[in-house]
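Undergrad: the following block contains a protein sequence and its predicted model.
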Amino acid sequence: MTGWTDIRASGWVARLPPGWRPYALLGRFDRPIGAWLLLLPGFWAFAVAAPGWAEGLRLALLFTLGAFAMRAAGCVVNDLWDRDLDRQVERTRGRPLAAGTVTPLRAMVFLAALCVVGLLVLVQLPLAAIYVGLGSLVLIALYPLAKRVTDWPQAVLGLVFSWAAPTGYAAATGGLGWPALALWAAGFFWILGYDTIYAHQDREDDAKVGVRSTALKFGRASARFVGACYAAMLALLVVAGLLAGLAWPFLPALLLPAALLAWQVRTLDIGDPERCLMLFKSNREVGFAIALAFLAGRL
């Protein structure tokens, strides 16, 4: 694993003005997979509960902007907490705060600007969705601490990254309901599984510096653990669809994301960080396939 890093100022980032590049890297705008994974449970909620195509598309656009801003804000918070640890981990030592290319003060100004964007999106939503959305802020702030005190920081991330499901449901319907809670729980187990895969990139360095994770906890049994998480997720997706009154076509349509998840479990190699990253990223396609499956139940 020596020398492995996924932080590279290449592609479109390299064409930015030099002063902008560290902020693009700090907000992970060069690697949008995290924003997609934050957003997709919201798409599930819109597919299940949006009152019509026009409103569903409007909400999808708002949530897309909000997800990219708030994922970037979460990365800034994470890196402010972790800048000393990041210097000790091969994959993360090039992060702007760890490398010193952005100061903590400037990072906090950048964070404030991102939060303003998120707030402007949030106030476009119904009051119930605003309250639900604001409820995630404490967990976002506390997530970086979790890896220091528990073997289950992926579970805390699961609570945060699945928050778009109840928020999206409240935005679409003006309130919460059992389908929203089932979608939130499904998202929780999905994230618990895929972030365990992601954590295997840093397993050896994390063990040295005292960072805890489900990757370290389950080790070579990780594939079985991830498989159990994905099975729970799929069961809860079925429950969510039934609670929402979707028509039967959503059930066979869920076979596609189920096959993609089974492929992740079958091909997981915890000793290959590049493969772990590739499998982690493949969850974007899983999330879109789930949204399409729910749409099939409303056609």
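TA: Received the coordinates, thanks.
Undergrad: which element, helix or strand, includes Ser222?
TA: Assigned by DSSP states H and E, Ser222 belongs to helix 222-243.
Undergrad: which elements pack onto the helix or strand following that helix?
TA: Where DSSP H and E defines the elements, the next helix or strand beyond helix 222-243 is helix 250-253. In terms of contact count using 3 or more CB pairs under 8 Å, 6 or more residues apart in numbering; DSSP states H and E, helix 250-253 is assigned the packing partners helix 222-243, helix 283-296. The way it works is simple: take the backbone N, C-alpha and C, and place the C-beta from them, glycine included.
Undergrad: which one of those lies nearest to Thr101?
TA: Counting by CB to CB, Thr101 lies closest to helix 283-296 out of the helices and strands packed on helix 250-253; the figure is 28.3 Å.
Undergrad: give me the longest helix you can find in this protein.
TA: helix 53-86 (DSSP state H).
Undergrad: low-confidence ranges, the stretch 1-150 of the chain, go.
TA: The model of the stretch 1-150 of the chain has pLDDT under 70 over residues 1-10.
Undergrad: before we move on, back to that, in JSON lines, list the helices and strands packed on helix 250-253 along with mean pLDDT and distance to Gln124.
TA: Output for those, formatted as JSON lines (pLDDT from 0 to 100; distance: least, CB to CB, whole Å):
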{"stretch": "helix 222-243", "mean pLDDT": "98", "distance to Gln124": "25"}
{"stretch": "helix 283-296", "mean pLDDT": "97", "distance to Gln124": "21"}
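Undergrad: how many degrees apart are the longest helix of the chain and helix 283-296 in direction?
TA: 160 degrees (axes from the mean of the first three to the mean of the last three CA atoms, to 10 degrees).
Undergrad: who's in contact with the helix or strand following helix 53-86?
TA: Sequence-wise, the next helix or strand downstream of helix 53-86 (DSSP H and E) is helix 96-99. Helix 96-99 is contacted from outside by 22-23, 25-26, 79-80, 82-84, 86-87, 92-93, 102, 104, 107, using CB atoms under 8 Å, 6 or more residues apart in numbering.
Undergrad: could you redo the last one with a cut-off of 7 Å?
TA: The contact list for helix 96-99, computed with CB atoms under 7 Å, 6 or more residues apart in numbering, reads 22, 25-26, 79-80, 83, 86-87, 92-93, 102, 104, 107.
Undergrad: ok, now stretch 245-256?
TA: With CB under 7 Å, 6+ apart as the criterion, stretch 245-256 contacts 48, 234, 237-238, 241, 289, 292-294, 296-298.
Undergrad: got the buried residues for that stretch?
TA: 246, 250-251, 253-254, 256 (16 or more other CB atoms under 10 Å).
Undergrad: quick one: buried residues of the longest helix of the chain?
TA: 56, 59-60, 62-79, 81-83, 85-86.
Undergrad: OK, contacts around His200?
TA: 215, 222, 270, 273, 276.
Undergrad: which one of those residues sits closest to Leu38?
TA: Cys276 (19.4 Å).
Undergrad: and that closest one, how many neighbours does it have?
TA: For Cys276, the neighbour count with other CB atoms under 10 Å is 25.
Undergrad: I'd say it and Arg203 touch.
TA: No - Cys276 is beyond contact range of Arg203, at 9.2 Å (criterion: CB atoms under 7 Å).
Undergrad: how about the spatially closest residue to Cys75 that is not a sequence neighbour, secondary structure?
TA: Take Cys75 and drop its neighbours on the chain: the residue closest to it by CB to CB, 6 or more residues apart in numbering is Arg28, 4.9 Å away. Following DSSP: H, G, I helix; E, B strand; the rest coil, Arg28 is assigned to coil.
Undergrad: quick check on Val209: phi, psi?
TA: Per-residue torsions, Val209: phi -100, psi 0 (degrees, to the nearest 10).
Undergrad: related to what we said a few turns ago, possible to save the helices and strands packed on helix 250-253 as JSON lines with mean neighbour count and distance to Leu145?
TA: JSON lines is the format used below for the helices and strands packed on helix 250-253 (neighbours: other CB atoms under 10 Å; distance: least, CB to CB, whole Å):
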{"stretch": "helix 222-243", "mean neighbour count": "20", "distance to Leu145": "23"}
{"stretch": "helix 283-296", "mean neighbour count": "21", "distance to Leu145": "25"}
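Undergrad: any chance of CSV for those helices, columns distance to Ala207?
TA: Output for the helices and strands packed on helix 250-253, formatted as CSV (distance: least, CB to CB, whole Å):
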stretch, distance to Ala207
helix 222-243, 14
helix 283-296, 25
